[in-house]
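1. Sequence first, predicted coordinates after that:
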Amino acid sequence: MAKHVKKLSKTAGMAPGDLVLVGEQRTEKVKITIIDYDENQFQEKEAESIEECFLFKQTPTVTWINIDGIHDVETIEKIGRHFDLHPLILEDILNTGQRPKYEDFENQIFIVLKMLQFLEKSNEITAEQVSILLGPNLVVSFQEKTGDVFDPIRERIRKAKGRVRKMGADYLAYTLLDSIVDSYYALLERTGETIEDMDDELVANPFPETLKKIHRLKGDTIFLRKSVWPLREVISALERGESKLIKKSTRVFLRDLYDHTIQVIDTIETFRDMLSGMTDLYLSSISNKMNEVMKVLTIIATIFIPLTFIAGIYGMNFNPDASSWNMPELNWRFGYLGVWGVMLLVALLMILYFKRKKWI
Amino acid sequence: MAKHVKKLSKTAGMAPGDLVLVGEQRTEKVKITIIDYDENQFQEKEAESIEECFLFKQTPTVTWINIDGIHDVETIEKIGRHFDLHPLILEDILNTGQRPKYEDFENQIFIVLKMLQFLEKSNEITAEQVSILLGPNLVVSFQEKTGDVFDPIRERIRKAKGRVRKMGADYLAYTLLDSIVDSYYALLERTGETIEDMDDELVANPFPETLKKIHRLKGDTIFLRKSVWPLREVISALERGESKLIKKSTRVFLRDLYDHTIQVIDTIETFRDMLSGMTDLYLSSISNKMNEVMKVLTIIATIFIPLTFIAGIYGMNFNPDASSWNMPELNWRFGYLGVWGVMLLVALLMILYFKRKKWI
Amino acid sequence: MAKHVKKLSKTAGMAPGDLVLVGEQRTEKVKITIIDYDENQFQEKEAESIEECFLFKQTPTVTWINIDGIHDVETIEKIGRHFDLHPLILEDILNTGQRPKYEDFENQIFIVLKMLQFLEKSNEITAEQVSILLGPNLVVSFQEKTGDVFDPIRERIRKAKGRVRKMGADYLAYTLLDSIVDSYYALLERTGETIEDMDDELVANPFPETLKKIHRLKGDTIFLRKSVWPLREVISALERGESKLIKKSTRVFLRDLYDHTIQVIDTIETFRDMLSGMTDLYLSSISNKMNEVMKVLTIIATIFIPLTFIAGIYGMNFNPDASSWNMPELNWRFGYLGVWGVMLLVALLMILYFKRKKWI
Amino acid sequence: MAKHVKKLSKTAGMAPGDLVLVGEQRTEKVKITIIDYDENQFQEKEAESIEECFLFKQTPTVTWINIDGIHDVETIEKIGRHFDLHPLILEDILNTGQRPKYEDFENQIFIVLKMLQFLEKSNEITAEQVSILLGPNLVVSFQEKTGDVFDPIRERIRKAKGRVRKMGADYLAYTLLDSIVDSYYALLERTGETIEDMDDELVANPFPETLKKIHRLKGDTIFLRKSVWPLREVISALERGESKLIKKSTRVFLRDLYDHTIQVIDTIETFRDMLSGMTDLYLSSISNKMNEVMKVLTIIATIFIPLTFIAGIYGMNFNPDASSWNMPELNWRFGYLGVWGVMLLVALLMILYFKRKKWI
Amino acid sequence: MAKHVKKLSKTAGMAPGDLVLVGEQRTEKVKITIIDYDENQFQEKEAESIEECFLFKQTPTVTWINIDGIHDVETIEKIGRHFDLHPLILEDILNTGQRPKYEDFENQIFIVLKMLQFLEKSNEITAEQVSILLGPNLVVSFQEKTGDVFDPIRERIRKAKGRVRKMGADYLAYTLLDSIVDSYYALLERTGETIEDMDDELVANPFPETLKKIHRLKGDTIFLRKSVWPLREVISALERGESKLIKKSTRVFLRDLYDHTIQVIDTIETFRDMLSGMTDLYLSSISNKMNEVMKVLTIIATIFIPLTFIAGIYGMNFNPDASSWNMPELNWRFGYLGVWGVMLLVALLMILYFKRKKWI
């Protein structure tokens, strides 16, 4: 859980706008893909170097440059220089600890958000930062590593499916955002199922382990909330912003996206409420279970302690010869059996009493 | 409880506006009813196919098309094409996991909300999505399955009862909303009664089962809240919106509806507060009960342990022959009776002590 | 507590504006009193039928019609027809489960609020709905049953005491509101005293009963809050509203009333905070008390168990004849006394140890 | 704690503006002091009757009338009549249960706030109401009883120290407010120290008493919050208000005062957070302590119970003569010593086991 | 923790604007450094007295005066007189208990904020107040004691690195703020690591000590929150303010700084959530552990108590000679072994029963 708060301070002491990668250092080659299209033409290529992309800058067609891997600071710098990006944008792209944000620079819109994924292997949720730069007829997307969440969009562009080819760069940016928000749903569904399973487990048979699972899930929802909450403002700002980069027809879609984001946040809040209720239920269940155990044990002890006392009585060595008052029972014909009888009676009465009190 | 968070992700990876049913797949035939009226005429028919409805589009009378069953994607698409609906509206109609929302497209208003019902059989609250489309002289309502909540409205239209026949499509849309919000009251009343019963049970005789019931009710109120809360904004937007589809005379009614919605939300919040108080009371009651049991058991043990010790003393085998200091009591005339006396005295003193301390 | 959430659903399925009494059905005769005054004249009469009131409609004097008992739907309808009230107003008057609300219809202002009372007999707080209709030179007030909270106002009008006779209908409406808010103070004071008593009891001698009392008080404050909270908006809307029915000189008084309402809400919030703190204190106190008991009991047992063991040792039957190693203590001259000594010593050491550890 | 909610209802049933003292009845003589100054002159006198003050009304100099004791309703009424005060102001001055408020009547500004003091004797915080009336060249301050919080201001006026003599009545009103807010700091510091001491005590050696202290402190912070919180709005309204009684140069000071008020509120909130954390820590500590005791006691019992069993075995009276299988150990040469050995071994093994489990 | 609330009240009773150091009294010499630069020139010197700085006032170059040590009230006063500062600014500079604030005086902007540091030695977080005064071509910064957080900025100015030399005084003020906010990250990271460690420790092996650590961390986050929260408004006001001292190009940077501040606050809130969850987990863990211990102990006792009873039975001294019904078992050939058998059987059955119930 706490891992999510690390790796924040690398830029401390640096000048604002100095470029340094904050996040995992990687060594794979940065992968740059260019898709250039309008309603009639379509071109796709993998660029060897970033310079290849710059040729598409002038064209009236929509150009989507996708950069997988941001660890090559030099590439990012070149892009910055070429597209005349504000140094703070470059810094934000490289700082993977960024909070979702929206920045409107007259003829560029810059969006940072989080792509969330559940890693089965390590059983934890990871966040990858995605930065999207929207310019006139241009979308540049930056990912930390190669992912496949944008593949359906590529497919739709290639096959001219849906309306993506007919609309501009702003719609493309929207679809990128949309595909990321859509991917949250899968995550939420998974988390929801885990919570449901846990809820059943909780009612049936609570274990100390359960609380740790709840604790971890709580940490997850805190993390999810932190990653998604600011997105609300981002998309709201995008929709209501006055940038002329966003066409009116796209704003309807952004409003829909906004609703989806609210729904994601709602669901996360619901999870928090549910988990909080589950903690209470768990603590109560476990305490009930323990109390039950202790009660049974104590009842067993409580029944035998008086019996032991009776046995102890007749284990005393008072001298019957000294006085006929001294333990005459020992010489009675049915003394032994009588004591057994008394003891069984005492035990029985106690059990009945406990039964009537609903203790057993 | 957790079931409410499932079935969200089917549309992930699809293009925005692609039509896919998110929710339960059904096979019954979609039922389409058309009611067409103005103050003087009235016509009602069940349409075989959606095309029949389109004839009513031109008429100056108010047309209400009610569609029970949204699983026939094709029908929805036809409606969309004919009435020139925005693709996102169609997507929202089909996505039954939608949050209550309000969308104003110049000459169309689109509203999504939840119809809530308590299923006696499965003892749980279910939500069915209702979408309402308001156009000029046109209301189209979409339900997941055939329900009877709109029947009183149909009756009022048929018999020209109330003011519904005298007013326009906006008033009809309002009555639909109103009948749904009214149906929440029944649900709340039922929940309120359950809470009241539980509150009595809690004070009289708390069981571990009770907590699970409270837990379930908490889940229910979380679900209710999630379903109703956004409706507040929806109706507020409807009332204060600037759409010319809503006449001024109808706005008064919408304001009243808004008040009802607030009251529903208020009541849900009150339930949450009450349930939270009940959890505390339950936990305390159950712990008091257990403590009481343990105390009694411990008191029994505590009384007998010293007695057993005394009996143990005179069970020792010190040789009286070796020394007259060795256990002379054993030979006393009233040794045995004396020991009994001492033991009774000890027990009595302890009981008195416990009594005075108010422990028993 | 839960009773407050019942009786909500009677109007479900009815047309908006249909008149039906939601609340207790009563049979007493509806009592209608008319007070008509200006600075110089004053007239007061009890009307046999509602029609008598209508004569006062035209007069330039201020007319106050007070209706005790709203169960006669017909009377309400007649008033509605005569004064040309919006059907929703009539519905609201009859629906006693109404939330405090404010509705401004150009030349009518309609206010609903709650009159709260503590019933000594049933030891609970009840809410009665009061509706106030303010028109030009007209105030109509509706109460569920005959009450005496407005008596001082009548007295002031009769005796021309204070400024009420010199001011208009808006000031009269204000004094009605003011007298109701003033009556909240008495209720709060009573609740405050109960909380104070409980706080003392809590510190001195907590009982399981105490928690139930706290629980009930919590329910009361939830109910109070629900009844008073919306009043804030109502009075604020009244004061800041643009209706020309409210004169500027009256607005100053409304601002003062607003401050009083805020103070009432503040006090309720304070009660909630205090009650919440008391629950914690109670739970801790009761648990301390129980722990104390268990500790003493366990200490008694712990002291005697080792002693019993020692006694058990010398109750063993090892044959001294078989070996001089076998229990030679039994034949020692001071064996018995020695064992007593050892036992006393052990007990003493344990007691000392417990004392030093501050356990006893 | 609950005392703070008493004495609210005396005005219920009275006409708005009727003058009645709500609060402690006092009998000392009301003390009226007049200070009249401008940059060059200064005059100070104690007035016998309120009429003396009225002479200063006309002068162009700043006049400060301070009234210690508001229980003389007649005096207040005279002031009201002379300065043409709104009746609600007079009511507010006399109602000591007033919430801090701000009222702007064109050429009069009226402020109510609370002077808080810690009474060492009764170990509680008391609130005294201070009302300040600001008119053109006039400040009238009303205190419940003679206090000394305004003495430094008098001193500064007398000695023409600071800028108070050079500025107007608005600045004087500001300094009065400022001196009251400053006095909160002392109170907060004291409370802060108490909390710090308690925090140390909590970690070192928690007692049941501690919780009651925390409970009382919580009550105090609730009371402080209630008294100070509304001041925020009061001062904000004063600073941002449009009254021409407040000069622009004074607004800077009011903004500073606003910051101080926020800081006071912040600190109170911090106290609440800290006290809440301390309750948790206390409950946990006390429960840890108790658990520790119970564990040690139980361990002692647990060690001796098996030993007692062993001793019990060899206290059985099986007849060795009947069979050589019957308790041959009793005749063994080292039987007795062997049993001791076994018992010591058992005890040792148990202790070791408990040690290894870190139970002791 | 509570130390953070001390030292607030020194100014109570003083005139507003009176200069008095509130905070630690220090005796070291105040250190004044002047840096004067524009894009082409650069000059740096350590001033002996504050008068030296005044020479730089007129120059068109940017002048940064940094004052380490504010305990020399006289120096501060001289600065105030020379730069014509509002007396409240001077008071704020000297009052180290100040809340972060922003004050805009036409041609001067004044900012107070907190520099936070973790002191390894005392293991606590300390806050040092930094005041920044921005005028035309002038920045004056006041620190409580010599720190090194501004060193990288000096270095950048000296070496004309980054854009600082090319931009104005507003950008310099921004970099100062930025470097302080950056320094929060290091602190957060450290705290985050501590929390992570504690989280691991909590799951593995909770100790009573752990709770005290959590308690201290909670206190720290309360303190952090209090120190950083108001900064949000400060920077927001700075960015959106209308002062012409802030150029448009700098506002972009301020927006970025604002985002960083939000991120800091977010992280602090996350810490609070995590710590709250950890308290619950800790309390539950410790209680589980204790329950486990008690259960084992009780099980041991529960097994031996019935066995001791059986042994007690055959320790009774019923006279076999008196009746053949009296304890014939004692004379049976396998009586003793049989009893052992019975006892082992009983023990075994109990263990099996406990096992099956999953108690051991």
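-> Yes, it's here.

2. Please count neighbours and contacts with C-alpha atoms only from this point.
-> Will do.

3. Report pLDDT for the closest residue to residue A:124 other than its chain neighbours.
-> By the measure of CA to CA, 6 or more residues apart in numbering or on different chains, the closest residue to residue A:124 outside its immediate chain neighbours is residue A:118, 5.8 Å from it. pLDDT for residue A:118: 84.

4. doesn't residue A:118 fall inside a helix?
-> No - per DSSP: H, G, I helix; E, B strand; the rest coil, residue A:118 lies outside any helix segment and is strand.

5. For it, name its beta-bridge partners.
-> Legend: beta-bridge partners of residue A:118 under DSSP bridges are residue A:125.

6. Quick one: residues contacting it.
-> A:124-126, A:187 (CA atoms under 8 Å, 6 or more residues apart in numbering or on different chains).

7. Would you show me how to pick out the buried ones of these in PyMOL?
-> Those of those that count as buried under 16 or more other CA atoms under 10 Å in any protein chain shown are selected in PyMOL with:
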select buried, chain A and resi 125+126+187
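
8. Can I get the contacts of residue A:118 in JSON lines including pLDDT?
-> Listed next are the contacts of residue A:118 as JSON lines, based on pLDDT from 0 to 100:
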{"residue": "A:124", "pLDDT": "81"}
{"residue": "A:125", "pLDDT": "86"}
{"residue": "A:126", "pLDDT": "85"}
{"residue": "A:187", "pLDDT": "90"}
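
9. what's the closest of the contacts of residue A:118 to residue D:323?
-> residue A:124 (70.3 Å; CA to CA).

10. any idea how far the residue nearest to residue A:124 is from chain B?
-> To chain B, residue A:118 is 14 Å away according to CA to the nearest CA, to the nearest Å.

11. Could you do residue A:253 as well?
-> Residue A:253 is 7 Å from chain B, by CA to the nearest CA.

12. Then residue A:351?
-> Distance from residue A:351 to chain B, by CA to the nearest CA: 12 Å.

13. what's the helix or strand for that residue?
-> If you go by DSSP states H and E, residue A:351 is part of helix A:335-356.

14. Which positions in that helix come out as buried?
-> Neighbour-count burial for helix A:335-356 [16+ other CA under 10 Å]: A:335-336, A:339-340, A:343, A:346-347, A:351.

15. Tabulate these in a markdown table, adding columns for distance to residue C:160 and pLDDT.
-> Shown next, in a markdown table, are those (distance: CA to CA, whole Å; pLDDT from 0 to 100):
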| residue | distance to residue C:160 | pLDDT |
| --- | --- | --- |
| A:335 | 99 | 87 |
| A:336 | 99 | 90 |
| A:339 | 94 | 92 |
| A:340 | 94 | 93 |
| A:343 | 89 | 94 |
| A:346 | 84 | 95 |
| A:347 | 84 | 95 |
| A:351 | 79 | 94 |
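
16. Residue A:120: neighbour count?
-> 8 (other CA atoms under 10 Å in any protein chain shown).

17. whoops, residue A:84 was the one
-> Residues near residue A:84, counting by other CA under 10 Å: 10.

18. Now residue A:50, what are its backbone angles?
-> Phi and psi for residue A:50, reported as degrees, to the nearest 10, are phi -60, psi -30.

19. Okay, and the closest residue to it other than its chain neighbours sits in which element?
-> Of all residues not flanking residue A:50 in the chain, residue A:75 sits nearest, at 6.5 Å (CA to CA, 6+ apart). Assigned by DSSP H and E, residue A:75 belongs to helix A:73-83.

20. do the same with residue A:152
-> Assigned by DSSP H and E, residue A:152 falls in helix A:151-158.

21. ok, is the helix or strand just after that helix in contact with chain B or not?
-> Next along the chain after helix A:151-158, taking DSSP H and E as the criterion, comes helix A:169-204. Yes - looking at helix A:169-204 against chain B by CA under 8 Å from any CA of the partner chain, the contacts come from A:175, A:178-179, A:182-183, A:185-186, A:188-189, A:192-193, A:195-196, A:199, A:203.
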